[in-house]
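S.K.: Here is the input, now give the coordinates:
(one chain, ligands or ions: 2)
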Amino acid sequence: MKMAAAGEPHSSLYDTIVVGAGIQGSFTAYHLAKRGRETLLLEQFPLPHSRGSSHGQSRIIRRAYPQEHYAQMMAESYRLWEQLGAEAGAPLYRQTGLLVLGADTNPEFQRCCQTLVQHRVPGELFTAESLPGRFPGIRPHDGEAAVSDRTAGVLYADRALRTVQDEFRRCGGALHDGQKVTDIKPGVVVTVTTTAGVYRAKSLVITAGPWANKLLAPLRLQLPLQTLRINVCYWKEKVPGAYGVSAHFPCFMAICAPHHIYGLPSNEYPGLMKICYHSGSPADPEERDRPPEASALPDIERLRDFVSKYLPGVVPEPAVVEHCMYTNTPDEDFVLDRHPEFSNIIIGAGFSGHGFKLAPVVGKLLSQLSMGEEPSYALEPFRIRRFPAPPPAAP
Ligand SMILES: Cc1cc2nc3c(=O)[nH]c(=O)nc-3n(C[C@H](O)[C@H](O)[C@H](O)COP(=O)(O)OP(=O)(O)OC[C@H]3O[C@@H](n4cnc5c(N)ncnc54)[C@H](O)[C@@H]3O)c2cc1C
Ligand SMILES: O=C(O)[C@@H]1CCCC=N1
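M.R.: Ligands and ions are numbered 1, 2, ... in the order given. Below you'll find the predicted structure:
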């Protein structure tokens with residue numbers, strides 16, 4: 001394999017250029033390099049950075065999904081996470097189990113129970129009466145039930161991102177950070193201009209997170225993506241460690257309207273549990289550091305209410321609030337597809353706040369599309385054409 005040293009100009013043609021070194025672009029580049037493809041991964045910010053969606057110490061990994069297509073992909077995703085951890089000699093997740101909590105009549109709750117049974121995932125069903133006997137820290141309400149997914153746990157997100165980028169480089173890939181892509185010229189050979197140089201490749205993968213539509217606009221494509229600024233809240237345990245990994249407290253996902261609330265056992269900040277609202281305030285990624293109006297913070301109020309009603313051993317006031325971006329599609333399914341006009345431009349976008357755990361499979365699928373191979377899963381739920389065509393621009 002031909003290799004250019006880091007920083008050395010590369011005059012010839014790459015097989016693939018991947019734009020965006022978040023978890024999705026990094027896994028895509030890793031799969032390509034492992035398959036011997038000459039791959040360049042471009043990132044606008046010096047790495048590591050905390051301006052997109054892939055930073056932070058933790059993410060939930062679970063097989064409890066109401067949608068069959070994700071439950072199916074998760075089987076392989078667990079294997080690929082395991083494999084990457086073994087290659088790097090560092091574990092990338094900790095099994096804690098997860099509880100899905102909801103009204104026992106809720107269709108989404110019932111679909112989660114069904115997929116867990118169908119995929120023979122080890123777990124247990126609890127009633128509102130039986131749950132506190134097993135997990136005294138949670139106080140469910142009448143008519144609610146919980147189902148556990150014992151395979152679930154916490155991914156060490158920052159470590160995972162660094163590991164996949166290291167493994168990509170170890171396989172011969174080139175990662176150029178601090179280089180913003182400013183222009184893309186489609187063609188049989190795609191020409192990519194950055195703030196530092198010009199590169200050419202046979203195919204291009206765009207995995208730009210909340211910046212996806214900014215890169216797609218000059219390529220005459222706009223996806224129905226909403227970018228949201230998310231408050232990542234940490235809450236103090238009244239007794240340090242009572243809701244911690246060492247006390248075997250699980251992750252949880254509470255099916256609430258209009259958006260779910262989820263939590264992770266205390267670990268990354270001793271004495272603090274991560275409990276978040278699965279939505280946020282609309283924000284341009286360039287404006288992510290500007291706090292929204294105080295009136296636009298219903299998420300924190302909802303979280304306070306949830307903590308005081310369901311988690312009696314947690315102080316109902318956030319102790320630490322960090323930030324991250326979601327990029328949501330209208331149905332919260334991902335976009336994994338070719339550009340409708342330029343078939344050698346592949347798009348991975350709209351991961352809607354649940355894409356980290358699936359990144360090993362997403363990266364494999366995007367790499368397969370860029371190599372012209374048949375993807376190993378049906379991509380119907382992820383096609384661009386599922387969205388109604390935008391109205392024609394005014395004359
Ligand atoms: C608070 C929070 C909690 C979450 N919890 C979970 C969870 O528990 N489980 C789970 O599975 N998922 C979770 N997610 C979702 C998951 O983290 C995201 O789906 C995933 O990180 C998306 O990755 P990405 O690579 O698409 O985007 P990003 O990480 O944003 O990466 C895109 C990259 O592209 C770069 N880029 C953009 N434009 C350019 C350009 N012009 N030139 C060069 N580079 C460019 C950006 O700088 C960025 O680094 C959570 C997300 C958040 C925010
Ligand atoms: O994907 C996940 O597991 C988390 C928790 C539920 C809501 C979104 N992200």
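S.K.: Tell me which residue of the stretch 151-300 of the chain lies closest to ligand 1.
M.R.: Going by Cβ to the nearest ligand atom, ligand 1 is nearest to Gly209 of the stretch 151-300 of the chain, at 2.3 Å. The way it works is simple: take the backbone N, C-alpha and C, and place the C-beta from them, glycine included.
S.K.: Without its sequence neighbours, what residue ends up closest to that residue?
M.R.: Gly52 (4.5 Å; Cβ to Cβ, 6 or more residues apart in numbering).
S.K.: Which strand or helix spans whichever residue of the stretch 151-300 of the chain sits closest to ligand 2?
M.R.: Nearest residue of the stretch 151-300 of the chain to ligand 2 (Cβ to the nearest ligand atom) works out as Tyr262 at 3.8 Å. Assigned by DSSP states H and E, Tyr262 belongs to strand 261-264.
S.K.: Alpha carbons of the next helix or strand after that strand, as CSV, please.
M.R.: Sequence-wise, the next helix or strand downstream of strand 261-264 (DSSP H and E) is strand 272-277. C-alpha atoms of strand 272-277 as CSV (Å, rounded to 0.1, in the frame of the first residue of the first chain):
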residue,chain,number,x,y,z
LEU,A,272,-22.7,12.3,40.0
MET,A,273,-25.2,10.5,37.8
LYS,A,274,-25.6,11.5,34.2
ILE,A,275,-29.3,12.1,33.5
CYS,A,276,-30.4,13.7,30.3
TYR,A,277,-33.4,14.7,28.2
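S.K.: Each with direction, which strands does strand 272-277 pair with?
M.R.: The strands beside strand 272-277 in its sheet (DSSP bridges) come out as strand 226-237 (antiparallel), strand 261-264 (antiparallel).
S.K.: Can you list the neighbours in contact with it?
M.R.: Residues outside strand 272-277 that contact it (Cβ atoms under 8 Å, 6 or more residues apart in numbering): 58, 230-237, 243, 259-266, 268, 299-300, 302-303, 306-307, 311, 314, 319-320.
S.K.: If we use 6 Å, what do you get?
M.R.: 232-236, 243, 261, 263-264, 266, 299, 302-303, 314, 319 (Cβ atoms under 6 Å, 6 or more residues apart in numbering).
S.K.: Neighbour-wise, which one of those residues leads?
M.R.: When neighbours are counted by other Cβ atoms under 10 Å, Gly263 leads those with 29 neighbours.
S.K.: could you give the mean pLDDT of the strand holding Tyr262?
M.R.: Per-residue pLDDT over strand 261-264 has a mean of 98.
S.K.: before we move on, back to that, what about the residue nearest to Gly209, how many neighbours?
M.R.: So Gly52, with other Cβ under 10 Å, has 22 neighbours.
S.K.: so it, which of the three states?
M.R.: Counting by DSSP: H, G, I helix; E, B strand; the rest coil, the backbone at Gly52 sits in coil.
S.K.: show me the contacts for it.
M.R.: Gly22, Gly209, Met325.
S.K.: now do Gly350
M.R.: With the criterion set at Cβ under 6 Å, 6+ apart, Gly350 makes contact with Leu225, Thr327, Thr329, Phe334, Val335.
S.K.: Return the closest of these with respect to ligand 2.
M.R.: Looking across these and measuring by Cβ to the nearest ligand atom, the closest to ligand 2 is Phe334, at 11.9 Å.
S.K.: is it true that that closest one touches Pro381?
M.R.: No. Counting by Cβ atoms under 6 Å, Phe334 does not reach Pro381; the two are 8.0 Å apart.
S.K.: Just grab the bridge partners of the nearest residue to Gly143 once chain neighbours are set aside for me.
M.R.: Of all residues not flanking Gly143 in the chain, Ala103 sits nearest, at 5.6 Å (Cβ to Cβ, 6+ apart). Bridge pairing for Ala103 (DSSP bridges) gives the partners Glu144.
S.K.: cool, Val198 as well?
M.R.: Beta-bridge partners, per DSSP bridges, of Val198: Thr193.
S.K.: if I look at it, how far off is Pro360?
M.R.: According to Cβ to Cβ, to the nearest Å, Val198 stands 31 Å off from Pro360.
S.K.: can I get the strands paired with strand 272-277 in TSV with distance to Ser130?
M.R.: Converted to TSV, these look like this (distance: least, Cβ to Cβ, whole Å):
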stretch	distance to Ser130
strand 226-237	24
strand 261-264	20
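S.K.: Can you show me the helices along this protein?
M.R.: Here the chain has its helices, by DSSP state H, at 23-34, 68-88, 107-118, 131-134, 157-170, 212-216, 298-310, 359-370.
S.K.: Ligand 2: which of these is closest?
M.R.: Using Cβ to the nearest ligand atom, these put helix 68-88 closest to ligand 2, at 9.2 Å.
S.K.: which helices and strands sit right next to the closest one?
M.R.: helix 359-370 (3 or more Cβ pairs under 6 Å, 6 or more residues apart in numbering; DSSP states H and E).
S.K.: Now do the helix it packs on against helix 23-34, angle only.
M.R.: 60 degrees (axes from the mean of the first three to the mean of the last three Cα atoms, to 10 degrees).
S.K.: What is the burial count for the residue lying closest to Gly153 once chain neighbours are set aside?
M.R.: Of all residues not flanking Gly153 in the chain, Gln95 sits nearest, at 4.1 Å (Cβ to Cβ, 6+ apart). Using other Cβ under 10 Å, Gln95 has 14 neighbouring residues.
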